[in-house]
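J.: Give me a model of this one.
(one chain, ligands or ions: 2)
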Amino acid sequence: MTKVLDEKISRRSFFTKTGGAVAGTAAASMVISTVLNYKGTLAKPAVVAETNETLTMLSELKEALKKSIEKRKWAMVIDTRKCIGCSGCTVACIAQNNLPPGVTYRVVHEVEDGEYPDLKRFFMPTNCMQCEKPTCVDAANKIIPGSMSIRPDGIVTIDYKKMKGKKVFQAAKKACPYSNALYYDEGKNYTDNTPAIQPYEKMKSKEYKKEFSRKETKDATRKCHFCLDRIENGMLPACVSTCTGQAMYFGDANNPASIVSKYIKSKQSFVLNAGAKTSPAVRFVHDNLDETCLKCHE
Ligand code: SF4
Ligand code: SF4
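T.: Ligands and ions are numbered 1, 2, ... in the order given. You can find the predicted model right below:
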């Protein structure tokens, strides 16, 4: 039997339609202080020491940025064997994008596989899969034309000015084969009903090469965009930069020599819900694929 411990459901249903997030650790608070040091450009993250792989990914990113946008294809690989479940990535994402309560572009699930004594537990971080054939886009654009798009580099985007209201959000969420990809922004603050709304809640969200106040994103649909503002400034997505377990890889899938390309070709990597045929740009690595993941995700 397989279950997701934060929700007590099977893995099959977990990766189709569920909710819930695991967030907030002491390690993650270190991430916040690093990422919040943000005035136009981000301070270099100091939480995770730079490794050869990080330097290689940064160098590959810079090479990819020299090409025209049509010639690069961003991809992410998450090695579940290395994830320690610290949720630092979730907190880094919240800080990077100045996310309000109820909106978490990244969720880290704890999964239990098997029955005692043959029992395994591991962590499974997820976010929007930046699908090549994103079913959310058609569904949203049927309700509000132009509310969602796909960029030539594969990032699926939202127009916060257009994609407003629950009707379009629900249509996109229903069409998406993955849970925890899309969120509805109710415009709340963490410090509502306290003596003062804190300054960090009044900061603008810097996304899609623009700045949005919390009032401007209220009632909009929100989701991960691979930190496109960071990557276009030569930085890795916040979750990758801050990953304590160094479990994440990001780069250009159109570069056959890139780290992500090697994982994409590897038999150890797989996409979730391949049957939905949306061609996700996010892949996972796990031991014993046949015994565990592919039972549900072939
Ligand atoms: S994961 Fe869902 S929201 Fe993200 S691009 Fe794919 S279909 Fe759209
Ligand atoms: S920061 Fe890395 S190790 Fe920690 S939960 Fe996220 S993916 Fe896993």
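J.: Tell me the buried residues in stretch 190-207?
T.: Burial within stretch 190-207, assessed by neighbour count using 16 or more other Cβ atoms under 10 Å, is assigned to 201, 205-207. From N, CA and C alone the C-beta is placed, and that goes for glycine too.
J.: Tell me, please, where in the stretch 1-150 of the chain the pLDDT is lower than the cut-off.
T.: 1-51 (pLDDT under 70).
J.: tell me which parts of it are close to ligand 1?
T.: The stretch 1-150 of the chain comes close to ligand 1 at residues 128-131, 134-136, as judged by Cβ under 6 Å from any ligand atom.
J.: Which member of those residues is positioned nearest residue 169?
T.: Of all these, the one with the least separation from residue 169 (Cβ to Cβ) is residue 136, at 10.0 Å.
J.: Now do the contacts for the closest residue in space to the closest one that isn't next to it in sequence.
T.: Using Cβ to Cβ, 6 or more residues apart in numbering and skipping the chain neighbours, the partner closest in space to residue 136 is residue 172 (4.2 Å). Taking Cβ atoms under 8 Å, 6 or more residues apart in numbering as the definition of contact, the neighbours of residue 172 are 136-137, 139-140, 148, 163, 182, 221.
J.: If we use 6 Å, what do you get?
T.: Contacts were defined as Cβ atoms under 6 Å, 6 or more residues apart in numbering; by that measure residue 172 touches 136, 139-140, 182.
J.: Considering those, which possesses the most neighbours?
T.: Comparing the contacts of residue 172 on neighbour count, residue 140 comes out first with 29 neighbours (neighbours: other Cβ atoms under 10 Å).
J.: tell me how far the helix or strand hosting it is from the chain's mean position?
T.: Using DSSP states H and E, residue 140 sits in helix 135-143. For helix 135-143, the distance between its averaged C-alpha position and the chain's averaged C-alpha position is 20 Å (Cα atoms, centre = their mean, to the nearest Å).
J.: Use 72 as the first number for this chain going forward.
T.: Noted, 72 is the first residue going forward, which turns the last one into helix 206-214.
J.: In the helix or strand following that helix, which residues are buried?
T.: Counting by DSSP H and E, the element after helix 206-214 in chain order, helix or strand, is strand 219-221. When burial is assessed from 16+ other Cβ under 10 Å, strand 219-221 yields the following buried residues: 219, 221.
J.: Mind listing the strands whatever helix or strand comes next after strand 219-221 pairs with, and their directions?
T.: As assigned by DSSP H and E, the chain's next helix or strand after strand 219-221 is strand 227-229. For strand 227-229, the paired strands and their directions (DSSP bridges) read strand 219-221 (antiparallel).
J.: How about residues contacting the strand it pairs with?
T.: 208, 211, 227-229.
J.: can you rerun that using 10 Å?
T.: The set of residues external to strand 219-221 that reach it, using Cβ atoms under 10 Å, 6 or more residues apart in numbering, is 201-205, 207-212, 226-230, 233-234, 239, 243, 253, 292, 294.
J.: Could you list which of the residues you listed also contact ligand 2?
T.: With Cβ under 6 Å from any ligand atom as the criterion, the contacts of strand 219-221 include none near ligand 2.
J.: now the buried residues of stretch 261-278 as TSV including pLDDT?
T.: Putting the buried residues of stretch 261-278 into TSV (pLDDT from 0 to 100) gives the following:
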residue	pLDDT
272	91
276	94
277	94
278	97
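J.: which ones among these are found in helices?
T.: Within the buried residues of stretch 261-278, residues falling in helices by DSSP state H are residue 272.
J.: could the buried residues of stretch 261-278 go into a markdown table alongside distance to residue 326?
T.: Putting these into a markdown table (distance: Cβ to Cβ, whole Å) gives the following:
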| residue | distance to residue 326 |
| --- | --- |
| 272 | 39 |
| 276 | 30 |
| 277 | 27 |
| 278 | 26 |
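J.: Can you tell me which of the buried residues of stretch 261-278 is closest to residue 259?
T.: Residue 259 has its nearest neighbour among the buried residues of stretch 261-278 in residue 272, at 9.3 Å by Cβ to Cβ.
J.: and that closest one, what is it in contact with?
T.: Counting by Cβ under 10 Å, 6+ apart, residue 272 makes contact with 169, 171-172, 259-263, 285.
J.: Most widely separated two among the residues you listed?
T.: Taking every pair in these and measuring Cβ to Cβ, the maximum separation is 15.2 Å, between 169 and 263.
J.: Show the pLDDT at the residue of the stretch 222-369 of the chain found nearest ligand 1.
T.: Closest approach of the stretch 222-369 of the chain to ligand 1 (Cβ to the nearest ligand atom) occurs at residue 247, with a separation of 3.1 Å. The predicted local confidence for residue 247 comes out at a pLDDT of 98.
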